[in-house]
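Chemist: structure of the sequence below:
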Amino acid sequence: MKKRRVINEIIQLLYPDDIKCIVCGREIHPNRYGLCSECKLDINVNYCIRCGRHKVGMGDHCDECSQTPVYFDEARSAVNYDTVAKDVVHRLKYGGARYLVKPITQFMLDVLLLSDWSVDCVTFVPMHKKRERKRGYNQAKLIAFELCDHIDAPCYALLEKSAETVNQAKLDRTERLENLNGAFKATGDMPERILLVDDVMTTGATLNECARTLKKAGAKTVYALTFASVPERPLLDTPQTDIALFRR
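Modeler: Sure, this is the predicted structure:
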């Protein structure tokens, strides 16, 4: 009798009856959130477990990660690429506002400290030399070196952009993939576990191609961290965070 009771308890634990949403009480199928589909969307936990972007639907992955081979192991972003974040990134990239590197990095550091990633080094998405000379700096490189001032990992330039490509923002998903094919080249000795840094993730095509290049050169694990990412759809009623403090 005791053995049967234990077996029944195990079955109930694995396949429980009468599971309800922890918010609204609606009956649901068991899931890792304990939420029904409507409440899951309402509290904004509907994110892709691979790239970290907010997404449409109840699956684990966004369309980009479902339809395209993904070479980075995980990616996360500090904020959504909304109106304020766009302004911050635009001023850093095109307005010479290098002072924004420190607060941007702090947001990213908060995300990194909550992750369980273990890395040997940090690297960054490179710019073509011609474009970097014109701008005067690579904002991803500045962020990566600032990040390494706060963590126990060195920053290495492990990638070069060997081809000058069309601006990704002007292309659709298929064109983005074709545009970046063979655009990056790995340099130097390749550590096993790498944190890849950039300012913004849109579709993830750039990070993906960089990760593919790093792994082809010998990296075993590549994590990607960006300041902002473009959601799979616009989020309603997104609260304005302390990012507003960047305005001045």
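Chemist: over to Leu147: give its phi and psi.
Modeler: With angles defined as degrees, to the nearest 10, Leu147 sits at phi -60, psi -40.
Chemist: break this structure into its domains for me.
Modeler: Following automatic domain parsing, one finds the domains of the chain at 1-43, 48-246.
Chemist: give the burial count for Leu113, as a bare number.
Modeler: Burial measure for Leu113: 10 neighbouring residues, criterion other Cβ atoms under 10 Å. Where you see a C-beta, it was placed from the backbone N, CA and C, and this is true even at glycine.
Chemist: now do Asp73
Modeler: By other Cβ under 10 Å, 17 other residues sit near Asp73.
Chemist: most tightly surrounded among the domains of the chain?
Modeler: domain 48-246 (a mean of 18; mean count of other Cβ atoms under 10 Å).
Chemist: now do the residue lying closest to Lys216 once chain neighbours are set aside against Leu196, distance only.
Modeler: Counting by Cβ to Cβ, 6 or more residues apart in numbering, the nearest residue to Lys216 once its immediate chain neighbours are dropped is Ala186, at 7.1 Å. Here Ala186 is placed at a distance of 12 Å from Leu196 (Cβ to Cβ, to the nearest Å).
Chemist: with Phe227 instead?
Modeler: Distance, Phe227 to Leu196, by Cβ to Cβ: 13 Å.
Chemist: got it, and Phe107?
Modeler: Computed as Cβ to Cβ, the Phe107 to Leu196 distance reads 17 Å.
Chemist: then Arg91?
Modeler: 23 Å.
Chemist: before we move on, back to that, who's in contact with the residue nearest to Lys216?
Modeler: Counting by Cβ atoms under 8 Å, 6 or more residues apart in numbering, Ala186 touches Leu158, Leu159, Thr213, Leu214, Lys216, Ala217.
Chemist: now for the second one: which residues touch it?
Modeler: Contact analysis of Leu159 by Cβ under 8 Å, 6+ apart lists Thr123, Phe124, Val125, Pro126, Phe184, Lys185, Ala186, Thr187, Cys210, Thr213, Leu214.
Chemist: of all those residues, which comes closest to Val84?
Modeler: Nearest to Val84 among the contacts of Leu159 is Val125, at 22.4 Å by Cβ to Cβ.
Chemist: find residues that contact each of Ala186 and Leu196.
Modeler: Overlap of the contact sets of Ala186 and Leu196 (by Cβ under 8 Å, 6+ apart) consists of Leu214.
Chemist: ranges for the strands of the chain?
Modeler: Secondary structure of the chain (DSSP state E): strands at 74-80, 121-124, 159-161, 184-186, 193-201, 221-229.
Chemist: so for the fourth one, mean pLDDT?
Modeler: Read that as strand 184-186. Strand 184-186 carries an average pLDDT of 93.
Chemist: separation between the residue nearest to Lys216 and His54?
Modeler: 31 Å.
Chemist: pull the contacting residues for the closest residue to Gly218 other than its chain neighbours.
Modeler: Using Cβ to Cβ, 6+ apart and skipping the chain neighbours, the partner closest in space to Gly218 is Met190 (3.9 Å). By Cβ under 8 Å, 6+ apart, Met190 lies in contact with Leu158, Leu214, Ala217, Gly218, Ala219.
Chemist: what about 6 Å?
Modeler: Neighbouring residues of Met190 by Cβ atoms under 6 Å, 6 or more residues apart in numbering: Ala217, Gly218, Ala219.
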